[in-house]
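In: sequence and predicted structure are below.
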Amino acid sequence: MKIQRYEEFVNEEISKKGLVGGMLAGTLALGGLATGGAYMRDKSSAPTEEVSQMKKEIPNSFMINEKLLTIGKDFWITNESRENFGKIEQRVVSFGKKFELFDNTGKLDATAQEEVLSLYSIVHVKDASGQDIGRIEQEVLESLGNILEGQNIYSVYDANNNLIGKSKSDMIIKNNVEIYDNNDKLVARFHKPAIQFSDRWKCEIIPSNIDNRLLVFIPAYISSASGSNSSDKSKK
């Protein structure tokens, strides 16, 4: 067995520590790059002006972009020019999923609260004063999401419990949601790419008798449900 001199032992320990330190620094640097990448991605999807003085109505064609550096699922509502039309924020400290819609001035416009003790998704939408706007229901018997991992079907009801819109299942393009009224006319289309760093929905709403505040929450809840399913699968 070779006996090291003291100087050799010291130099070897310094080399090892230097190597470990370099590896640690590299790991931290990669983490910083990832966080920086998320920050830059967030900035690219955020509106150029986060709060406006005058209220703007959500246009017929717009984007719903997920914020990355937040707790829960939060979204900006913008157009291609990154004008601010409001935001949707998830309230994580609540029973059942809850989202709030704020207009571009920062004022609360509507809330969407999911029922807790329900076998399927029922989302009640109310205005800022607490008055019912309507609800969104997942149709369990018509949905293939839990069986063949297809796309769930959603029905939209007004405040008087009248069915006013319904989505159609698309087994090929699972990230394409289309809502039709009772006359089978298209009233809303939401689409997001299948592979992306965060959810970016391209939205189109055709003017109809359906309150837009019922429709804009649909992409938020689909993104939230998708995130929950992915998390559950990763734990198995």
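Out: Looks like it came in fine. Note that this is a predicted model, so its numbers are computed, not measured.
In: what ranges do the helices span in the protein?
Out: Using DSSP state H, the helices assigned to the chain run over residues 6-45, 212-215, 217-235.
In: mean pLDDT lowest where, among those?
Out: Ranked on mean pLDDT, the bottom entry among these is helix 6-45, at a mean of 49.
In: can you give me the strands in the protein?
Out: 61-67, 74-78, 84-91, 98-102, 108-114, 122-127, 132-138, 154-158, 163-167, 176-180, 186-191, 200-205 (DSSP state E).
In: so which of those strands is the most surrounded?
Out: strand 74-78 (a mean of 23; mean count of other C-beta atoms under 10 Å). Quick note: C-beta positions are derived from backbone N, CA and C, even for glycine.
In: for the protein, give me the ranges with low pLDDT.
Out: 1-45, 69-70, 93-94, 118-119, 140-151, 169-174, 195-198, 226-236 (pLDDT under 70).
In: switch the cut-off to 50
Out: 6, 9-10, 13-34, 143-149, 229-236 (pLDDT under 50).
In: how is it partitioned into domains?
Out: What automatic domain parsing lists as the domains of the chain is 1-45, 49-235.
In: distance of residue 49 from residue 108?
Out: 19 Å (C-beta to C-beta, to the nearest Å).
In: residue 202 bridge partners, please.
Out: With DSSP bridges applied, residue 202 shows beta-bridge pairing to residue 63, residue 191.
In: contacting residues around it?
Out: By C-beta atoms under 8 Å, 6 or more residues apart in numbering, the contact set of residue 202 is 63, 190, 191, 192.
In: let me know the closest of these to residue 81.
Out: Checking the contacts of residue 202 against residue 81 with C-beta to C-beta, the nearest one is residue 63 at 10.2 Å.
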